[in-house]
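S.K.: pasting the structure only:
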């Protein structure tokens with residue numbers, strides 16, 4: 001049995017506590033944020049107290065310099081680009097064939113969507129020519145409706161091609 005006065009007890013106690021950090025912890029108020037943090041008086045007060053101050057120069061220094069001079073190289077390329085970039089949508093023939101096949105099976109859009117494990121909005125988008133063709137969805141539609149739907153992608157418009 002060990003007693004507090006025993007030197008071996010003190011050495012065990014001090015060995016177990018040697019990893020502890022015994023420095024005092026000082027709690028203080030939060031530093032100002034936003035515009036208060038950039039106020040010159042607040043920055044000087046922080047310097048006097050020895051607080052850490054980060055001084056980073058922001059891109060363009062908070063000014064609208066991008067419109068006052070020459071455009072950057074990437075912006076100039078974008079401005080010079082004349083090609084029309086759009087996702088291909090489903091063709092009108094595909095939409096009509098899908099509607100006719102669905103009605104022939106006496107299914108609503110919601111029932112067809114449930115049968116192919118998709119949302120009803122997907123079927124509505126395909127029938128309204130808003131959908132971007134997805135091969136797996138079209139295969140599920142063909143299998144469920146028992147038809148071969150026409151080519152889904154719309155032919156490109158001759159007037160939208162660049163000259």
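M.R.: That came through, no problem. Here the structure is a predicted model, which means the values were calculated and not measured.
S.K.: Only C-alpha atoms from now on, for both contacts and neighbour counts.
M.R.: Noted.
S.K.: ok, how many other residues are close to residue 124?
M.R.: 17 (other Cα atoms under 10 Å).
S.K.: can you give me phi and psi for it?
M.R.: Dihedral pair for residue 124: phi -60, psi -40, per degrees, to the nearest 10.
S.K.: Can you give me the pLDDT of the nearest residue in space to it that is not next to it in sequence?
M.R.: When the adjacent residues along the chain are set aside, residue 124 lies closest to residue 109, with 6.8 Å between them (Cα to Cα, 6 or more residues apart in numbering). As predicted, residue 109 sits at a pLDDT of 94.
S.K.: Can you report phi and psi for residue 109?
M.R.: phi -60, psi -40.
S.K.: Now for it, how many residues are close by?
M.R.: Neighbours around residue 109, by other Cα under 10 Å: 19.
S.K.: so what's it up against?
M.R.: By Cα atoms under 8 Å, 6 or more residues apart in numbering, the contact set of residue 109 is 102, 120, 123-124.
S.K.: cutoff 7 Å now
M.R.: Residue 109 makes contacts with 120, 123-124, as judged by Cα atoms under 7 Å, 6 or more residues apart in numbering.
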